[in-house]
Structure formats: C-alpha cells, structure tokens
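In: Using only what follows, build the 3D model:
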Amino acid sequence: MSQSVNSSSQSHVIDISNPFYLGSSDNPSNALVSNPPNNSPLFANWSRVNSMVISWILNSLHRNIADSLIFLPTAYDIWKELNHRYEQADGAQIYQIQQQLYSLSQGSDDFSTYFTKLSKIWDELRLVQNIPSCTCAAATGIAKYLDEQRLIQLLMGLNDTYKVLRGQILMMKPLPNISTVYSMIVQEERQREITIPTNINHDTIAMNVSHNSSSNFSKKSLVCTHCKKTGHSKSQCYRLIGFPSNFKFTKTKKDEPKSVVQIATSDASSAISQE
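Out: Numbering: from 1, shown residues only. Below is the predicted model:
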C-alpha cells in the first residue's frame, strides 16, 4: 500500500527544467511581449531593441528583398510580411528547384564541391515542399525511398571517370546510404591522385626523335672536299680551321712511337762517352 502511494506521488512531481513546467506565478494574464505606448518610460528601450532586431533581419536578407521591407516600422511587421511572402511555395518555385537539381553535374569540380552544391538544393527543396513527418509503420519505407532518390541523383551527375564505381554501387543490394557512397567516392578520388603517373608528352618525344634523325641524316649526307670525309663540309673541316681544345682523337698519331724511340736513343747516346 505504501509503495503504491509513493509511486503515485512521484508520478505527479514535475522537474522545473521540463518545458511543460508551470510556476505558481504563471497565469493567463501575463504579457509575454511588452508593447509600450509612446508615452511609456519603457518606450525608448523598446525602440532601441526594435531597431536592433530590424537591422539583424535586414542584414540577413538579399539587398533587393531588404529594400522592399525597409519602411516597415517594427520587426514584427517585417517578420509577418516575410512569412506571408515565402511561407507557401508555388509550383513555379518547386519546378525551378527541381530543374536545378536534375541539371546539376560535377563538371570541373571535385567531388566534395559537387556534393555540397547538391546538398544545398536538397535542403532547399525539403524546406519548400515541407514534407510532413510520419510516425506510422511506413515511415521507414518512405525515408528509404527518399534516400534512394537522392542517391540516384548523386550518381547521375558524376563524371564518366567514375563509370566503373557507379556501376558497382548500383549493383549492390540493398543500395548503400549516401554517407557510405560519399566515403567510397572520396577514397576513389584519393587513390587516383596517388596512382596516376606523370603525364608524358608523346608528341614532343616524337618530334625530338624526328629532329635528331633528320639532323643525323643531313650530317651523313655532307662530304668534305678537302679531307674527303663525311659528316662535315669544307668550311667546317678541322684540318683547315684547327682542332678545338677538347677534341678527342680516335687514333694515336703515327709519329708518336718514332718520337719516343728518338728521345730514348738520344738519351742513351749522351750517356756514352767517346771512349
């Protein structure tokens, strides 16, 4: 009996941090927002706060929208006008957002930039359509359907360089969520940055080979009229213009052994006396 009384008393205790907590001073006549008249002593403070809130709202809007609201006297009037303009979305606005969504492609952007642009359009479309939340048994199926639609839109806008990976993702059963696909594509992008070799300009190599071949052929076609050798003309003949200092002879001079023998003979004869 005592346990039932204690449990019933504990169930009626409400924590003061609970949003449904009502204090003893709360009553229907309390004014949550003060609206002082012009002759009120609080009017100066209210006017200062009102001007500050108006500045915050106008500075967060586009210039064209802010110019159309600048003459409204109170922040409440500005907020009410904005709510009246943009609370209900029309078909043209939804059509425009859907058009941006299906025409968006990766192009020259990296995957992170492309995904950020796509996420902004998804968030804008979600706010405009204002899809109600569902707590029934079909909630999981509806959420899965929306995620799969976004995944298909993501894969449709990828560049053709991800064709193989895109096919692998579409073959998965069930389809992975967007977070998993994001990680897979980012890893693929990083792997490509590591494994792609340095690009070689094959046209430049072919031109250099062709130039060297043509230059070698032109040199072989030359015949010197002085020394009767190929590879140079008479004007370039070293026997006429002189050998350069770094020139390397391919054969030893014929008179070199003779000079060595003569030097050795002269040295030996000088060492022998007349006797």
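In: Could you count how many residues lie near residue 152?
Out: Neighbour count of residue 152, defined by other CB atoms under 10 Å: 11. Every C-beta, even on glycine, is put in place using the N, C-alpha and C of the backbone.
In: do you know how far it is from residue 52?
Out: Noted for residue 152: a distance of 46 Å to residue 52, by CB to CB, to the nearest Å.
In: go on, residue 108?
Out: Counting by CB to CB, the gap from residue 108 to residue 52 is 43 Å.
In: who has more neighbours, these two?
Out: Per other CB under 10 Å, whichever of residue 108 and residue 52 has more neighbours is residue 52, with 11 against 8.
In: any idea which element the more buried one lies in?
Out: Under the criterion of DSSP states H and E, residue 52 resides in helix 43-59.
In: Counting by contacts, list what that helix packs against.
Out: Contacts defined by 3 or more CB pairs under 8 Å, 6 or more residues apart in numbering; DSSP states H and E place helix 43-59 against helix 75-86.
In: so what's residue 154 up against?
Out: Going by CB atoms under 8 Å, 6 or more residues apart in numbering, residue 154 touches 115, 118, 178, 181.
In: And for the first one, the neighbour number?
Out: For residue 115, the neighbour count with other CB under 10 Å is 19.
In: Hmm, it is touching residue 181, no?
Out: No - contact criterion CB atoms under 8 Å: residue 115 and residue 181 do not qualify, at 9.7 Å.
In: so who does the nearest residue to residue 222 once chain neighbours are set aside touch?
Out: Of all residues not flanking residue 222 in the chain, residue 233 sits nearest, at 5.3 Å (CB to CB, 6 or more residues apart in numbering). Contact partners of residue 233, counting by CB under 8 Å, 6+ apart, are 222, 223, 224.
In: pLDDT of the helix or strand encompassing residue 144, averaged?
Out: Under the criterion of DSSP H and E, residue 144 resides in helix 139-156. Per-residue pLDDT over helix 139-156 has a mean of 88.
In: what helices or strands is the next helix or strand after that helix leaning on?
Out: Going down the chain from helix 139-156, the next helix or strand is helix 163-170, by DSSP H and E. Under the contact criterion of 3+ CB pairs under 8 Å, 6+ apart, helix 163-170 touches helix 139-156, helix 178-195.
In: of all those helices, which lies closest to residue 22?
Out: The minimum distance between residue 22 and these falls on helix 139-156, with 32.5 Å, by CB to CB.
In: and that closest one, which residues are buried?
Out: 150, 151, 153, 154, 155 (16 or more other CB atoms under 10 Å).
In: for stretch 111-125, same thing?
Out: By neighbour count with 16+ other CB under 10 Å, stretch 111-125 contains the buried residues 111, 114, 115, 118, 121, 122, 125.
In: before we move on, what about stretch 74-84?
Out: Buried residues in stretch 74-84 (16+ other CB under 10 Å): 75, 78.
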